[in-house]
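**Student:** Provided below for reference: sequence and predicted model.
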Amino acid sequence: MKSRLLTISAACALLTACAVGPDYQRPAALRSQPLPAAFAGEWTIAAPAAHLPRGAWWEVFGDADLNRLECAASTDNESLAAAVARFNQASALVDIARSDFFPQLSFAGSAIRQRTSRNAPQSGQPAGQAFNYNTFTVPLVMGWEPDLWGRIRRQTEAASARLGASADDVESLKLVIQGAVAADYFALRSFDAELALVTDTIETYRRSLELTRNRRKGGVVSDLDVSQAETQLRTAETQLPALQLERARLANALAALCGQPATTFAIVTDRARLKPPPDVPPALPSALLERRPDVASTERQMAAANADIGVAKSAFYPRLVLNGIGGVQSISAGTVFNWPSRIWAIGPTLEVPIFTGGRITAQLAAARANYDETVANYRQTVLGAFQEVEDQLAAQRLLAAQLVAENAALVSARRTLDIANNRYRAGLVTYLEVATAQSAAFDRERAVVALQGERCVATVGLIKALGGGWQATAQASAASH
């Protein structure tokens, strides 16, 4: 008897060790060719490493106001709170899937008053009598499905993979929000610098107009010079409201990102806050791109879709459920808990699919097609990651070159303005030449300020494309090796 029980236990263990469907293996990141051996230096793609800490990457900019805004967005952003709630849902779904491993025990008590039919069949004839009676039942119902073909393991595997993807989605949204805060902040500081520049220029034009009017009173210049100086002043003044409007919109956007009402949110204007961005290391470690949470999320979605194939495939096999019931039953409430009222039943239920009209086959085909879709999404995400990093690296290089050229043009424009002012004071030219030189210098100064802001925004874009900073990532990568 003992050996028979051991044999049955070993057979059950062998059956429950089986899991139909393919085991997950990460497919190639590109369909028709291997990944590039070099990427802006020496770049490779390996396993997703979105779980590695990113740290407060924005601190590389050394801006206290930006640090404060990023902390507020990380704790109070409502979109991020919704993503965390979705993660908690995914965690609960894992527990739901895992619960099928265990026997299910439930209570289903009932109290029924019923009547039989006079015409109920009895020995092939109508019963001829009807009875009214009560039935009181207090049972405990138990059911357990041995995981013979791995259906429960596959659905738990799929739920766990989706939980990982949900965690990566939280990190991805967090990175998007942090990047948006930094980009909007530097754009706002760029407008601060432009506003200060326009304000200073307006004051310069106002002094020029006053000087021109005094020279007109002395008969040195004509009314045309006065009119040109006044036109130049009024034109500059019209630019202030447009810049102030754009700054207000950016401040309102930052308020929403930080989970605060725009009515009470304020950032003090400070042109000095626009500082040069940190230098990007000339050689970036290959582990950087592996930490992108969107790449990790799509890879986890592939694993979940692969497990879904196993769940769909298990439907082709018999399904065994062990059932049991135990309790008491009586026609009288007074005797329902007496020992003679006890009832019990135990036995298996075997469900074997024979003909389903192609439903199971179609479900398996749908699961495989869904897996193919997730593979395509994964590869497209990898391609998009390469594109974003290449775009941002190109922006770093080209914006720096453009800023050098603009600074040189600004130096030339200022020299031209000095020459024009000297010629005007000497009475050699009209004010038109001074106005033209002033406008050219003003345009170059605004271009330099705008480029400084664009470089900061581009640096934020590069950090975001790399998955959240290069310093903490490089340290984590070195520690892992």
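**Tutor:** Great, that's in hand. Treat the numbers as computed from the prediction; the structure is a model and nothing was measured.
**Student:** any idea which helix or strand carries residue 323?
**Tutor:** strand 319-330 (DSSP states H and E).
**Student:** helices or strands next to that strand in the packing?
**Tutor:** Helices and strands touching strand 319-330, by 3 or more C-beta pairs under 8 Å, 6 or more residues apart in numbering; DSSP states H and E, are strand 132-144, strand 342-351. (Each C-beta comes from the backbone N, C-alpha and C, glycine too.)
**Student:** how about JSON lines for those strands, with mean neighbour count added?
**Tutor:** JSON lines is the format used below for the helices and strands packed on strand 319-330 (neighbours: other C-beta atoms under 10 Å):
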{"stretch": "strand 132-144", "mean neighbour count": "15"}
{"stretch": "strand 342-351", "mean neighbour count": "11"}
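**Student:** which one in this structure is furthest away from the centre?
**Tutor:** Largest separation from the mean C-alpha position in the chain: residue 128, at 72.5 Å (C-alpha atoms, centre = their mean).
**Student:** which residue sits closest to residue 363 in space, ignoring its chain neighbours?
**Tutor:** residue 312 (4.8 Å; C-beta to C-beta, 6 or more residues apart in numbering).
**Student:** show me what contacts that neighbour?
**Tutor:** By C-beta atoms under 8 Å, 6 or more residues apart in numbering, the contact set of residue 312 is 21, 360, 363-364, 366-367.
**Student:** same thing but at 7 Å, please
**Tutor:** 363-364, 367 (C-beta atoms under 7 Å, 6 or more residues apart in numbering).
**Student:** what does residue 179 give?
**Tutor:** 460, 464.
**Student:** what helix or strand does it sit in?
**Tutor:** Using DSSP H and E, residue 179 falls in helix 151-217.
**Student:** tell me the mean pLDDT over that helix?
**Tutor:** For helix 151-217, mean pLDDT is 92.
**Student:** Same check on stretch 346-357?
**Tutor:** For stretch 346-357, the mean per-residue pLDDT is 91.
**Student:** show me what contacts residue 160?
**Tutor:** Counting by C-beta under 7 Å, 6+ apart, residue 160 touches residue 94.
**Student:** do the same with residue 91
**Tutor:** residue 163.
**Student:** want to throw the helices and strands packed on strand 319-330 into TSV with distance to residue 450?
**Tutor:** Shown next, in TSV, are the helices and strands packed on strand 319-330 (distance: least, C-beta to C-beta, whole Å):
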stretch	distance to residue 450
strand 132-144	69
strand 342-351	70
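**Student:** pLDDT weak spots in the stretch 301-450 of the chain?
**Tutor:** Within the stretch 301-450 of the chain, no stretch has pLDDT under 70.
**Student:** so where do the helices sit in it?
**Tutor:** Remark: helices assigned in the stretch 301-450 of the chain by DSSP state H, counting those that start in this stretch are 359-425, 431-465.
**Student:** sorry, back to before: can you list the contacts of residue 312 in a markdown table and add distance to residue 88 and neighbour count?
**Tutor:** Shown next, in a markdown table, are those (distance: C-beta to C-beta, whole Å; neighbours: other C-beta atoms under 10 Å):
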| residue | distance to residue 88 | neighbour count |
| --- | --- | --- |
| 363 | 29 | 17 |
| 364 | 31 | 20 |
| 367 | 26 | 21 |
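**Student:** which one among those gets closest to residue 402?
**Tutor:** residue 367 (51.3 Å; C-beta to C-beta).
**Student:** Make sure that closest one is actually in contact with residue 309.
**Tutor:** Yes - with contact defined as C-beta atoms under 7 Å, residue 367 counts as touching residue 309 (4.6 Å).
**Student:** between the helix holding residue 179 and helix 359-425, how big is the angle?
**Tutor:** Orientation check (axes from the mean of the first three to the mean of the last three C-alpha atoms, to 10 degrees): helix 151-217 against helix 359-425 gives 20 degrees.
**Student:** now helix 151-217, how far from the centre of its chain.
**Tutor:** Averaged C-alpha coordinates place helix 151-217 at 18 Å from its chain's average position (C-alpha atoms, centre = their mean, to the nearest Å).
**Student:** number of nearby residues for residue 106?
**Tutor:** Neighbouring residues of residue 106 were enumerated by other C-beta atoms under 10 Å; the total is 9.
**Student:** so it sits in a strand?
**Tutor:** Yes - the assignment for residue 106 by DSSP: H, G, I helix; E, B strand; the rest coil puts it in a strand.
**Student:** Give me the distance between it and residue 27.
**Tutor:** Distance of residue 106 to residue 27, computed by C-beta to C-beta, to the nearest Å: 43 Å.
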